[in-house]
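Visitor: make a model of this:
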Amino acid sequence: MVSIASPSLAAPPRFLCCEDTLGRTRHRPPPPPAAVAQFPERSMAAPCPRPRRIILVRHGQSEGNVDESVYTRVPDPKIGLTPKGWRDAEECGLRILDLVAGDGADDWKVYFYVSPYRRTLETLRGLGKAFERSRIAGVREEPRVREQDFGNFQDREKMRIEKEIRRRYGRFFYRFPNGESAADVYDRITGFRETLKADIDIGRFQPPGERSPNMNLVIVSHGLTLRVFLMRWYKWTVEQFEGLNNFDNGGMLVMQTGSGGRYSLLVHHTVEELRAFGLTEAMLNDQMWQRTAKPGELNYDFVTDGSSFFTHLV
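Guide: Residues are numbered from 1 along each chain as shown. Below is the predicted model of the structure:
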């Protein structure tokens with residue numbers, strides 16, 4: 001049983017988390033007529049509805065997933081899907097279709113962000129087969145959600161040794177020679193999150209004249225990158241990140257708006273599913289709180305409140 005952490009009823013929050021400003025009215029002077037003509041979304045008096053979901057999708061099975069020697073002769077960004085990977089992608093598209101169409105709304109749409117790697121672009125094409133043209137609001141290729149850089153052409157034996165060293169050093173901070181650490185990925189995901197937040201704030205996904213609450217964002221990316229995205233969004237610690245498990249190929253995780261307007265993993269997923277993914281009891285309690293909390297509120301019972309960092313307060 002997951003307990004529910006009660007939101008604070010005290011003074012307004014002193015700090016804002018990554019999604020706290022989403023959907024909040026911003027007080028700006030009215031733009032001049034020329035600006036309204038160029039940017040019609042700025043003329044809206046009220047904030048645009050937030051997308052109902054942010055759906056994180058890992059690419060289907062790739063050639064590198066079944067034969068690591070591929071990395072020694074093919075650049076990582078050019079490694080494609082296997083036949084099974086294409087099936088993974090198409091099946092994932094059908095699951096997304098069932099999910100978003102299951103709300104019963106007539107005006108739902110999907111908008112995609114995709115890593116520029118071949119396997120993610122092919123995954124996008126595979127899952128996109130589930131949708132009619134009128135349901136696709138747009139696509140943006142986004143290099144910041146690319147795979148962690150492991151270096152250039154990889155030596156299999158050297159990579160095996162490096163991964164063993166990473167296991168002993170720690171998955172978040174270990175940097176591959178000529179490549180990246182998960183901490184490096186965190187930095188570029190932070191920039192992407194700012195872009196995503198701005199896009200949500202101004203209703204970038206809404207066609208001209210439309211303000212539908214039934215928009216769904218789909219981020220097609222890679223296992224570690226998606227785990228880092230969740231870490232950044234929910235402010236999970238390094239220790240919590242290192243306890244997470246990878247997505248399956250063609251797997252997805254759904255961040256969905258709860259009754260208060262924030263995104264929670266527990267609106268769509270079960271406690272058991274999130275435990276299998278690696279969420280601790282504290283993280284599950286926070287997701288339970290996210291289900292009903294409003295943007296601008298803070299969960300003072302979560303790890304980021306500070307008490308867990310000071311042993312004399314425990």
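Visitor: tell me where the model's unsure across the stretch 1-150 of the chain.
Guide: Residue ranges of the stretch 1-150 of the chain with pLDDT under 70: 1-46.
Visitor: tally of neighbours for the residue lying closest to residue 143 once chain neighbours are set aside?
Guide: Distances taken as Cβ to Cβ, 6 or more residues apart in numbering place residue 116 nearest to residue 143, at 5.5 Å, with adjacent residues excluded. C-beta: built from backbone N, CA, C; applies to glycine. Residues lying near residue 116 (other Cβ atoms under 10 Å) number 14.
Visitor: same check, this time on residue 54
Guide: Under the neighbour criterion other Cβ under 10 Å, residue 54 is assigned a count of 23.
Visitor: ok, residue 207 next?
Guide: Considering only other Cβ under 10 Å, residue 207 is surrounded by 12 other residues.
Visitor: that one contacts residue 137, doesn't it?
Guide: Yes. Applying Cβ atoms under 8 Å as the test, residue 207 and residue 137 come out as touching, 6.8 Å apart.
Visitor: identify the residues contacting residue 280.
Guide: Counting by Cβ atoms under 8 Å, 6 or more residues apart in numbering, residue 280 makes contact with 240, 243.
Visitor: list the buried residues of stretch 145-161.
Guide: By neighbour count on 16 or more other Cβ atoms under 10 Å, the buried set for stretch 145-161 is 145, 146, 147, 148, 149, 150, 151, 154, 159.
Visitor: what segments of the protein are helices?
Guide: 33-38, 63-66, 83-101, 118-128, 156-169, 182-202, 223-234, 238-242, 271-277, 281-290 (DSSP state H).
Visitor: need phi/psi at the residue lying closest to residue 224 once chain neighbours are set aside.
Guide: Leaving aside its sequence neighbours, residue 224 sits nearest to residue 148 (Cβ to Cβ, 6+ apart; 5.0 Å). Main-chain torsions, residue 148, degrees, to the nearest 10: phi -60, psi 140.
Visitor: and residue 148, how far from residue 251?
Guide: According to Cβ to Cβ, to the nearest Å, residue 148 and residue 251 sit 18 Å apart.
Visitor: what about residue 91, how many neighbours?
Guide: 15.
Visitor: and for residue 164?
Guide: 10.
Visitor: give the contact list for it.
Guide: For residue 164, counting by Cβ under 8 Å, 6+ apart, there are no contacting residues.
Visitor: that older thread, I'd say the residue nearest to residue 224 and residue 187 touch.
Guide: No. Assessed by Cβ under 8 Å, residue 148 is found out of contact with residue 187, at 12.0 Å.
Visitor: list residues touching both of these two?
Guide: By Cβ under 8 Å, 6+ apart, no residue touches both residue 148 and residue 187.
Visitor: hang on, residue 203 packs against residue 213?
Guide: No. Residue 203 lies out of contact with residue 213 (Cβ under 8 Å); the separation is 11.0 Å.
Visitor: of those two, who's got more company?
Guide: Taking other Cβ under 10 Å, residue 203 and residue 213 do not tie; residue 203 has more neighbours (21 against 14).
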